[in-house]
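# Sequence isn't available, so here's the structure alone:
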């Protein structure tokens, strides 16, 4: 069967469209290093308390390995601006809270309770830094995506 010039172009367009749609549907996963895998498999109690005394704000993270990951893998303090951290945190928190409200769709062992975080409060750099890094840690450890951003370090 011989295709006309139009048929050839149309067939090429269909194939390219199919490949593009397939490629867009493939979600990239972050590359997790062996050092991270070791930390993720840790069972040592590694509790981190995030607090801002002046706001009477406290978050306790009980996820084995997070403190070790924060100290050894995460970007250092000062790498990101506070505004960057706040912008990402509000996105992460909104998606997290949405998932908490949908236990039939999302694993309720991962998304247990809502996070009370609002953009109109200045939590300070340290609180934002640690919360942001916990979200990155969480996404990498449990292979989750809270936003369209690939959780990179």
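Yes, it's here. Note that this is a predicted model, so its numbers are computed, not measured.
# which phi and psi does residue 48 have?
For residue 48, the backbone dihedrals are phi -120, psi 130 (criterion: degrees, to the nearest 10).
# does it have beta-bridge partners, and which?
Note on residue 48: beta-bridge partners by DSSP bridges are residue 61.
# Residue numbering should commence at 3 henceforth.
All right, first residue 3 from here; so that's residue 50.
# so how far is residue 71 from it?
Distance, residue 50 to residue 71, using Cβ to Cβ, to the nearest Å: 10 Å. Where C-beta positions appear, they are placed from N, C-alpha and C, glycine not excepted.
# neighbour-wise, which of those two wins?
A count of neighbours by other Cβ atoms under 10 Å puts residue 71 above the other of residue 50 and residue 71, at 25 against 18.
# where exactly do the helices run in this structure?
Remark: helices assigned in the chain by DSSP state H are 7-27, 36-42, 68-74, 84-102, 127-144.
# how about the third one: buried residues?
Residues of helix 68-74 classed as buried under the neighbour-count rule (16 or more other Cβ atoms under 10 Å) are 68, 69, 70, 71, 72.
# model confidence over it, on average?
The predicted model assigns helix 68-74 a mean pLDDT of 92.
# Mind listing residues that contact it?
With Cβ atoms under 8 Å, 6 or more residues apart in numbering as the test, helix 68-74 has contacts from 37-38, 41-42, 44, 46, 48-50, 132, 135-136, 139.
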